[in-house]
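Novice: My questions concern the predicted model and sequence given below.
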Amino acid sequence: MRRKEWMGKLLAMTLAGMMCVSLPAAGVCADAEGAGEEAVEAAEQETTDAADENAEEAAADTEEDASGDAAEETGSELGLKYAQNFTIEYLDNDVKLITDGDGSQRLLVPKEAEVPEGYEDAVVIRTPVERAMICSTTHAGLITALGDPSLYDSLAVVTTPAEDWTIPEIVENLESGKTTYIAWEQYANGDIEEVVTLNPDVVLISGGDDVAVQLASQLDEVNIPYISVTEWMEPTGEGQLEWMKLFGALYNMDQEANDIFDAKIARMDELKAMAADVPEEEKPVVAWGMVYDGVVYTQGGDSPTAKTIEDAGGIYALKDLEGEGSVQVNMEEFLDKAKDADILIYSSLVTYTTDKAALLAEDALLEEFAAYQNDRIYVYGKDYYINSTAVDEKFSDMVAIIHPELMEGYELMHSVKLPDAAE
């Protein structure tokens, strides 16, 4: 994976307000499938209300769809608690009607069941899915959340090469030929011939950009069903995690997905309660951000990232910075607000910011930060974005980073203390 591409995708999401998730899962699609300078330029024209607009459009499409009315009469909507960008409605005979992140509806029908009356013109996906194509590593993270490694065998096509995966089963399937790798650049340039040949049951696209729109249009032409997965547009980590219920529906694991989701949320609530008992005077100050091309990408004081830090028992160093999501500042302003912070969460992968020398190569002024001098700088592990929905584990990491005394013996799972020198 080239860093320029990774940064392009990361910054595109940052500027569009997509980094505003709990546990700051900044850049959940940061496997950079097709990012680069064009993504950055396009992102500069976006606003942080992209997720709200998407949710409003999906809601409007759902209300206007006649088949949605039929579903309302015959079944009940799945009890989503946090997710705003998709819905699931249960019909008779385990048939499910999904409204995806782009407002399109798909009918999930068990292989042995008949398509219900009134849905003859619906786009049908037979379940459980046996041959899927995923267009982001984060989709694999949603599958991982279901807790069944055998589901990786259903991945007929991925768009990330073997060397960029941290899931052993997927690497093994790529090496054995069970899973096929199709480069992002291939279908981004309009070539879907190999996709047509492989003929997946469903293609999971990331939505929200021109490439996704183009791919969706081409798949429509060849009658290959797709679902737009826009978990990265959810305003909270809990909402992002809840997309696992959509994947549960694809594999007929609806109850399992609900139970796992509830357990993860319960664990987060337990950790929040522990952190809430810490006296105010014992709470460290925590800064969050990353430097790229001389600009610091951080989060506003009213962002979910700031709230996550506070929920984990910290004081956000930039709490007076206006904004509910991503904010860009120059290094001088960042230094002024965050220089004395006890801890710095540097939101880059350890793959790229490998050690302190690499950090200072991005901006030498980082050496002046108290967190640098006190050896309390943390970066994201290589698997951070692939495990985009491991929000409970990432919150555990955050609590352990901020209050190690509360998590005695705990080993970080998705974050890494920045080493003095790369191994």
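Specialist: That came through fine. Numbers count the residues shown, from 1 in each chain.
Novice: got a list of what Thr101 touches?
Specialist: One thing to correct before we go on: residue 101 is Gly, not Thr. Contact analysis of Gly101 by C-beta atoms under 8 Å, 6 or more residues apart in numbering lists 54, 58, 85-86, 207-208, 228-231, 233. (C-beta placed from N, C-alpha, C; glycine too.)
Novice: In space, what's closest to Ile345 - neighbours in sequence excluded?
Specialist: Excluding its sequence neighbours, the residue lying closest to Ile345 (C-beta to C-beta, 6 or more residues apart in numbering) is Trp288, at 4.5 Å.
Novice: make that Ala212, sorry
Specialist: Closest to Ala212 by C-beta to C-beta, 6+ apart is Ile205, at 4.9 Å.
Novice: The one you found against Cys135, yeah?
Specialist: Yes. Look at Ile205 against Cys135 with C-beta atoms under 8 Å: they come within range, at 5.0 Å.
Novice: intersection of neighbour lists for the two?
Specialist: Common neighbours of Ile205 and Cys135, counting by C-beta under 8 Å, 6+ apart, are 212, 215.
Novice: count of residues packed around the residue nearest to Ala212?
Specialist: By the criterion of other C-beta atoms under 10 Å, Ile205 has 28 neighbours.
Novice: same deal with Gly301?
Specialist: 17.
Novice: Assumed it was part of a strand.
Specialist: No. Counting by DSSP: H, G, I helix; E, B strand; the rest coil, one finds Gly301 to be coil, located in no strand.
Novice: which residues touch it?
Specialist: 316, 318-323.
Novice: Provide the backbone phi and psi angles at the nearest residue in space to it that is not next to it in sequence.
Specialist: Excluding the flanking residues, the one nearest Gly301 by C-beta to C-beta, 6+ apart is Lys319, at 4.1 Å. Lys319 adopts backbone torsions of phi -70, psi -20, taken as degrees, to the nearest 10.
Novice: is it true that Lys319 touches Ala306?
Specialist: Yes. The criterion here is C-beta under 8 Å, and Lys319 meets it with Ala306 at 6.1 Å.
Novice: between those two, which one's more packed in?
Specialist: Comparing Lys319 with Ala306 by other C-beta under 10 Å, the one with more neighbours is Ala306, at 26 against 15.
Novice: ok but Arg126 is inside a strand, no?
Specialist: Yes. Per three-state DSSP, Arg126 lies within a strand segment.
Novice: Give me the distance between it and Lys81.
Specialist: Per C-beta to C-beta, to the nearest Å, Arg126 is found 28 Å from Lys81.
Novice: The two: who's more crowded?
Specialist: Arg126 (16 against 11).
Novice: Which helix or strand in the protein has the lowest average pLDDT?
Specialist: helix 37-43 (a mean of 35; mean pLDDT, DSSP states H and E).
Novice: the helices in the stretch 151-300 of the chain, which residues?
Specialist: For the stretch 151-300 of the chain, the helices defined by DSSP state H, counting those that start in this stretch occupy 168-176, 184-188, 193-198, 210-221, 237-241, 244-250, 254-276.
Novice: Can you check the pLDDT for Ser388?
Specialist: The per-residue pLDDT reported for Ser388 equals 77.
Novice: Can you report how many residues lie near it?
Specialist: Neighbour count for Ser388, taken as other C-beta under 10 Å: 33.
Novice: And Gly239, by the same measure?
Specialist: Gly239, neighbours per other C-beta under 10 Å, totals 23.
Novice: list the contacts for the spatially closest residue to it that is not a sequence neighbour?
Specialist: Spatial nearest neighbour of Gly239, excluding adjacent residues (C-beta to C-beta, 6+ apart): Tyr82 at 4.0 Å. By C-beta under 8 Å, 6+ apart, Tyr82 lies in contact with 234, 236, 238-239, 241-242.
Novice: make it 7 Å
Specialist: Going by C-beta atoms under 7 Å, 6 or more residues apart in numbering, Tyr82 touches 236, 238-239, 242.
Novice: any idea which helix or strand carries Ala371?
Specialist: According to DSSP states H and E, Ala371 maps onto helix 370-373.
Novice: what secondary structure does the nearest residue to Ala113 once chain neighbours are set aside sit in?
Specialist: Distance criterion C-beta to C-beta, 6+ apart; nearest residue to Ala113, sequence neighbours excluded, is Asn93 at 4.9 Å. Three-state assignment for Asn93 (three-state DSSP): helix.
Novice: Compute the distance between the residue of the chain positioned farthest from its centre and Tyr384, please.
Specialist: Distance from the C-alpha centroid of the chain, by C-alpha atoms, centre = their mean, peaks at Glu117 (36.1 Å). Glu117 sits 46 Å away from Tyr384, taking C-beta to C-beta as the criterion.
Novice: And Glu242, by the same measure?
Specialist: Glu242 is 19 Å from Tyr384, where distance means C-beta to C-beta.
Novice: okay, and for the chain, where does confidence drop off?
Specialist: Residues of the chain that meet the criterion pLDDT under 70 lie in 1-78.
Novice: switch the cut-off to 90
Specialist: 1-79, 188, 207-210, 232-233, 235-237, 304, 324-325, 385-390, 422-423 (pLDDT under 90).
Novice: so what are the domain limits for it?
Specialist: 51-263, 279-417 (automatic domain parsing).
Novice: Redo those as CSV? Include distance to Asp269.
Specialist: Conversion of the domains of the chain to CSV gives the following (distance: least, C-beta to C-beta, whole Å):
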stretch, distance to Asp269
domain 51-263, 10
domain 279-417, 10
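Novice: closest to Glu423 out of the ones you listed?
Specialist: Nearest to Glu423 among these is domain 279-417; the distance by C-beta to C-beta comes to 8.5 Å.
Novice: Name the residues that touch stretch 104-114?
Specialist: Contacts for stretch 104-114 (C-beta under 7 Å, 6+ apart): 65, 67, 93-100, 115, 119, 122-127, 225, 227-228, 249-250, 252.
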